[in-house]
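Novice: whatever this is, show me its structure:
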Amino acid sequence: MPELKIHQGSCHCGAIKFEIDAPADLHAHACNCSICSISGSDQMIIPSSRFRLHSGEDAITTYQFNTNVAQHTFCQYCGVKPFYTPRSNPDGFSINTRCLDRTYINSIVVDVFDGQNWEKNAASLAHLSKEK
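Specialist: Predicted coordinates:
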């Protein structure tokens, strides 16, 4: 397993600050489901043990739809979704890689994920929130 770096992240206004443990070479997904295609972020799913919220819990607002399993979290001030709890991986976090500081990032590979056909494809993400 590659060495994990501590990556700092935040929403646009800085009200929400967090950090994650992840390699310097990141792998994310661009999803085409109804919410992701509109909000336009590249998401990387990690185990919850590799996520730490440092500030802004009071700035977070949550949106749910359809099955109400996913917890789409947004900053109530700037509207950015820096992370959320995905339906495919309720035991982890999906990090918006666009909200990460680039200091320790060497590369980000972004694959397309067909979220419009959720039931057919969601299982392919299940392993991402598991400890390795």
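
Novice: ok, for Glu75, nearest residue in space, not its chain neighbours?
Specialist: Check again: residue 75 is Cys, not Glu. Cys11 (3.8 Å; CB to CB, 6 or more residues apart in numbering). Placement of C-beta: from N, CA and C, glycine included.

Novice: list the buried residues in the longest helix along the chain.
Specialist: In the chain, assigned by DSSP state H, the helix with the most residues is helix 34-39. Residues of helix 34-39 classed as buried by neighbour count (16 or more other CB atoms under 10 Å): 35-36, 39.

Novice: CSV for the residues you listed, including distance to Leu4 and pLDDT?
Specialist: Output for the buried residues of helix 34-39, formatted as CSV (distance: CB to CB, whole Å; pLDDT from 0 to 100):
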residue, distance to Leu4, pLDDT
Ile35, 29, 84
Cys36, 26, 84
Ser39, 27, 85
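
Novice: the residue nearest to Cys75 contacts Leu100, doesn't it?
Specialist: No: proximity of Cys11 to Leu100 does not meet the contact threshold set by CB atoms under 8 Å, at 11.6 Å.

Novice: can I get the lowest-mean-pLDDT helix or strand in the chain in PDB, CA atoms only?
Specialist: Counting by mean pLDDT, DSSP states H and E, the chain has its least confident helix or strand at helix 34-39, which shows a mean of 85. Provided in PDB are the C-alpha atoms of helix 34-39 (Å, rounded to 0.1, in the frame of the first residue of the first chain):
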ATOM      1  CA  SER A  34     -28.800  13.500 -10.900                       C
ATOM      2  CA  ILE A  35     -27.100  15.400  -8.000                       C
ATOM      3  CA  CYS A  36     -23.400  14.900  -9.000                       C
ATOM      4  CA  SER A  37     -23.900  16.000 -12.600                       C
ATOM      5  CA  ILE A  38     -25.400  19.200 -11.400                       C
ATOM      6  CA  SER A  39     -22.900  19.900  -8.600                       C
END
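
Novice: now do the strands in the protein.
Specialist: Remark: strands assigned in the chain by DSSP state E are 5-10, 17-22, 25-31, 43-47, 51-55, 60-63, 71-75, 83-85, 92-96, 107-113.
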